[in-house]
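K.L.:
Below are the sequence and a predicted model; questions follow.
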Amino acid sequence: MIGIGQESMNKLIILDRDGVINEDSDAYIKTLDEWIPLPGSIDAIARLSRAGYTVVVATNQSGIARGYFDVATLDAMHERMGELVRAAGGEMGKVFYCPHGPDDGCDCRKPAPGLIDQIVTEYGDVTGAPLIGDSLRDLEAGVARGCQPVLVLTGKGAKTQDKGLPTALGHVDVYDSLADFTDHILKD
């Protein structure tokens, strides 16, 4: 396990949302009722926050461009996430999202690094910061800006691992879940 631990300089952790924090769906998470946290994920974020980490989210949300839900619904999901983390004794950093569709040609839809660039603008250097995702595009976006890629096997993570990870990513730590990652990083 390289580059991740209490010695991390900026103590920033970047999370994908669907499949890492909450259940994922090929039919999209379209309503507040469909936004269901994965077991242990909210507590994991709260624990990281209490340990001094700033936890932010970088998420593709093409359901907006596709007309499946609107920004107000997305904001309600993120407000619920923040409320749950606060109730568990932690604080959530900012949520960065790409509202564009796959053919819109934006620079913020992962694997493009635009969301990571927005995080740099808001929080500073992300070099070495863990970027935790369940898909190859999450990891590629982080690696493009010097983040340490971390794959969780929740969501699409097991399928991503089964397909094989390209050597261009460098070393990728793999954990069963966000809770498992948090247990590891906070074990000392």
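P.N.:
Sure thing, it's come through. Numbers count the residues shown, from 1 in each chain.

K.L.:
could you pull out the strands for this protein?
P.N.:
All strands of the chain, identified by DSSP state E, fall at 12-15, 54-60, 95-98, 130-133, 148-152, 173-175.

K.L.:
which one of those lies closest to Met77?
P.N.:
Of all the strands of the chain, strand 95-98 sits nearest to Met77, with 9.1 Å by Cβ to Cβ. The way it works is simple: take the backbone N, C-alpha and C, and place the C-beta from them, glycine included.

K.L.:
buried stuff in that closest one?
P.N.:
Across strand 95-98, burial judged by 16 or more other Cβ atoms under 10 Å covers 95-98.

K.L.:
what bits of this protein have low per-residue confidence?
P.N.:
Applying pLDDT under 70 to the chain flags residues 1-10, 188.

K.L.:
how far out from the middle of the chain is the longest helix seen in the chain?
P.N.:
The residue-count maximum for a helix in the chain (DSSP state H) belongs to helix 71-87. Relative to the centre of its chain, helix 71-87 is centred 15 Å away, using Cα atoms, centre = their mean, to the nearest Å.

K.L.:
Start the count at 24 instead of 1 going forward.
P.N.:
Sure thing, new numbering starts at 24, so read that last one as helix 94-110.

K.L.:
got the CA coordinates for it in PDB?
P.N.:
Extracted as PDB, the C-alpha positions of helix 94-110 are listed here (Å, rounded to 0.1, in the frame of the first residue of the first chain):
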ATOM      1  CA  VAL A  94     -30.200  19.500 -10.600                       C
ATOM      2  CA  ALA A  95     -32.700  20.000  -7.700                       C
ATOM      3  CA  THR A  96     -33.100  16.300  -7.300                       C
ATOM      4  CA  LEU A  97     -29.300  15.800  -7.500                       C
ATOM      5  CA  ASP A  98     -28.800  18.500  -4.900                       C
ATOM      6  CA  ALA A  99     -31.400  16.800  -2.600                       C
ATOM      7  CA  MET A 100     -29.400  13.500  -2.900                       C
ATOM      8  CA  HIS A 101     -26.200  15.300  -1.900                       C
ATOM      9  CA  GLU A 102     -27.900  17.200   0.900                       C
ATOM     10  CA  ARG A 103     -29.100  13.800   2.300                       C
ATOM     11  CA  MET A 104     -25.600  12.400   2.000                       C
ATOM     12  CA  GLY A 105     -24.200  15.400   4.000                       C
ATOM     13  CA  GLU A 106     -27.000  15.200   6.600                       C
ATOM     14  CA  LEU A 107     -26.200  11.500   7.100                       C
ATOM     15  CA  VAL A 108     -22.500  12.100   7.500                       C
ATOM     16  CA  ARG A 109     -23.100  14.900  10.000                       C
ATOM     17  CA  ALA A 110     -25.500  12.600  11.900                       C
END
